[in-house]
Structure formats: C-alpha cells, structure tokens
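A.B. asks: quick one: sequence and predicted model below, then my questions.
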Amino acid sequence: MLGLKIDVDTYEGMKKGVPSLLNTLKQFDLKATFFLSIGPDNSGRAILQLIKNPLFLKKMMRTKAPALYGWRTAFNGTLLPAPMIALSFPEIVKDIINAGHEVQFHAWDHRRWQDELPKKSEEWINDWFTKGISGFEKLTGQKPTAFGAPSWFIDDMVLAIIKEYNFEYLSCTRANGPFIHQAINVLEIPSDLPCFEEVDAGKGVSIISELIKDGGLHVLPVHAEVEGGIFQNRFRELMEKALSMNMEIVPLKTIKAKLDIQTLPIRKYKMELLPGRHSPCAV
C-alpha cells in the first residue's frame, strides 16, 4: 500500500501545482491526502537561510530552486507582500474536496514555523494553530482531523499543544513506519520515502521504485510545487511504475482505517538530518 501525502507550501503551489496534481490523479483514478498551508506565504524569508545554513544554499543549487518554485515565491514576504495560500483559492479547495480527496491541516505560516519554531513561545504556537484551523474551517466547513507539521519539524511544546486538538492522526515525521507518539498517545503515519528533490533528479523514479518493490506499507511525500510543477512527468512515471507493481495507492485516511493501532510500537520522536535535507526532521 502506497499513501500519497501532498503538502501545499506556497501560493504558486496552490495556484498552479494543485490543479496540475488534481489532473494527474484524475487520469490515474487515484485519491490522495492534501495537507494545506492556509495563511501567508513568507517564502522570501528563506533568503536568511542562505546566509545562516550552507546546506540550504547547497540544496537550492542542487534542485535549481528558481525553476522549482518560481521567482515570485523567492520574493514573497520580503520584496513582495505575503499572499495568503489556501485562503486565496477557496475554489481550488472545493475542487480538491469535490474530487474525493482527503484534506487536512499543514500550516498557518509554513516558513516561520520551519525557520523559527525553536525561538517561539507557547502563545505564538497556540495562535498559529488557532489562525490556521480557523482558516481551514472557513474553507472546508469542518475541523481537520489530522496535522502534518511543516518540514517534519516538531518539539515537545508542539506535541503538548497538539494533544488539545484531539487529532485522529499525525503525519509529522520521517520514521520508517507507523507508531504511537509516546507523549500524547496519538497515531503517527510517517512519510518513510524520500522526496523527489532529496534524491538525484534523474534517478528519483528508480530510487523510489526500488524502495517499494517488495511491497509493504509506504507513504510518499509529495509537494504541490514540485510534482505539480517541473517534476510532474516524473511523478506520473512513478505512479505508472507503482501501479504496475500492484501497489494500492491511497490517501492516508485509508491507511489509518486499516492499521491495528493496538499492535503498533509506542515511540518518542528524535531529530535527525536526513540525506538531501538542509535541516533536521523528526524521525
């Protein structure tokens, strides 16, 4: 079984990447889980990471970031105003829902979470969730039942706050398989496979295909800006390959429904720098 976890991180990803992915998924008659960033696109603030983190600069050069994300994204929140992401496109959110896909909460302000979370107060995190979930409810008419942390970045304070929202599951880590979060007794359905932008671009399909060839349960992290953009043909190729291998491709809610939670291990997350990443992820 292969779960599709689609993160929407930017304005351009929502505007162009999501419709592209919806078209691809329709062609293959597949359903996925879309984790939506609701609020401001402050992607332009990533310029600060170019100064602070050499690994980030290396990643930007390796992935040809301007082509990947677009020049407008590079200036949002700095030289350009920060546009709202999902809140700017309520009709696209309706298109996702009407097509039968699962929709869940990913972020209010994705960039500030991934860059500044360790410096933020409990009050800031609570406000971030309040704004994000309020926006999600405005767009969908319902509360989210799952949360996927931006950049798979969490800490103990975040988990304590998450507990109050009674999410049915989380997808906040890059662990090898589902588990129960020790601190809050909540199911985690992790992304165990690499992103396309983390591996050699020309070998991404073969690398991921090799990882799923023996079957089992896997979750592929997809980004609207990437697989809905310049890597859309490679994403289609991977879907064709997975289907030819008799993989059942599903949204994360289907995985949740089929898991026997009583048999899952109880674990505490840890942070680790994975190959192809510029900052640690929860594993």
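C.D. replies: Okay, I see it. Not measured: the values here are computed from a predicted model. Numbering: from 1, shown residues only.
A.B. asks: now do the strands in this structure.
C.D. replies: With strands called from DSSP state E, the chain shows them at 2-8, 33-37, 102-107, 146-147, 169-170, 179-181, 186-188, 218-223, 249-250, 266-267, 271-272, 281-282.
A.B. asks: show me how far the first one is from its chain's centre.
C.D. replies: Put simply, strand 2-8 sits 7 Å off its chain's centre (C-alpha atoms, centre = their mean, to the nearest Å).
A.B. asks: alpha carbons of that strand, as PDB, please.
C.D. replies: C-alpha atoms of strand 2-8 as PDB (Å, rounded to 0.1, in the frame of the first residue of the first chain):
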ATOM      1  CA  LEU A   2       1.400   3.400  -1.000                       C
ATOM      2  CA  GLY A   3      -0.100   6.500   0.700                       C
ATOM      3  CA  LEU A   4       0.100   9.900  -1.100                       C
ATOM      4  CA  LYS A   5       0.800  12.800   1.300                       C
ATOM      5  CA  ILE A   6       0.600  16.000  -0.700                       C
ATOM      6  CA  ASP A   7       1.900  19.100   1.100                       C
ATOM      7  CA  VAL A   8       0.900  22.600  -0.300                       C
END
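A.B. asks: ok, and what's touching that strand?
C.D. replies: For strand 2-8, the external contacting residues (C-beta atoms under 8 Å, 6 or more residues apart in numbering) are 14, 17-18, 21, 25, 30-37, 85-86, 106, 148, 171, 189, 191, 212, 217-224, 227, 242, 247-252, 254-255. To be clear about C-beta, it is placed using only N, CA and C from the backbone, and glycine gets the same treatment.
A.B. asks: buried among the residues you listed? Need that as a selection in PyMOL.
C.D. replies: Only the buried entries of these go into this PyMOL selection, using 16 or more other C-beta atoms under 10 Å:
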select buried, resi 14+17+18+21+25+30+31+32+33+34+35+36+37+85+86+106+148+171+189+191+212+218+219+220+221+222+223+224+227+242+247+249+250+251+252+254+255
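A.B. asks: circling back: and residue 207, which of the strands of the chain is closest to it?
C.D. replies: strand 218-223 (11.9 Å; C-beta to C-beta).
A.B. asks: return the distance of the closest one from the chain's centre.
C.D. replies: Distance, centroid of strand 218-223 to centroid of chain: 8 Å (C-alpha atoms, centre = their mean).
A.B. asks: partner strands of it, with direction?
C.D. replies: strand 2-8 (parallel) (DSSP bridges).
A.B. asks: re the thing from before, CSV for the strands of the chain, including distance to residue 161 and mean pLDDT?
C.D. replies: Compiled in CSV, the strands of the chain are given as follows (distance: least, C-beta to C-beta, whole Å; pLDDT from 0 to 100):
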stretch, distance to residue 161, mean pLDDT
strand 2-8, 20, 98
strand 33-37, 18, 99
strand 102-107, 13, 98
strand 146-147, 10, 98
strand 169-170, 12, 98
strand 179-181, 13, 98
strand 186-188, 12, 98
strand 218-223, 23, 98
strand 249-250, 29, 98
strand 266-267, 20, 98
strand 271-272, 18, 97
strand 281-282, 15, 98
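A.B. asks: need these in TSV (columns: distance to residue 196).
C.D. replies: Formatted as TSV, those follow (distance: least, C-beta to C-beta, whole Å):
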stretch	distance to residue 196
strand 2-8	12
strand 33-37	17
strand 102-107	18
strand 146-147	23
strand 169-170	23
strand 179-181	25
strand 186-188	23
strand 218-223	8
strand 249-250	16
strand 266-267	27
strand 271-272	20
strand 281-282	16
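A.B. asks: and residue 81, which of those is closest to it?
C.D. replies: strand 33-37 (16.3 Å).
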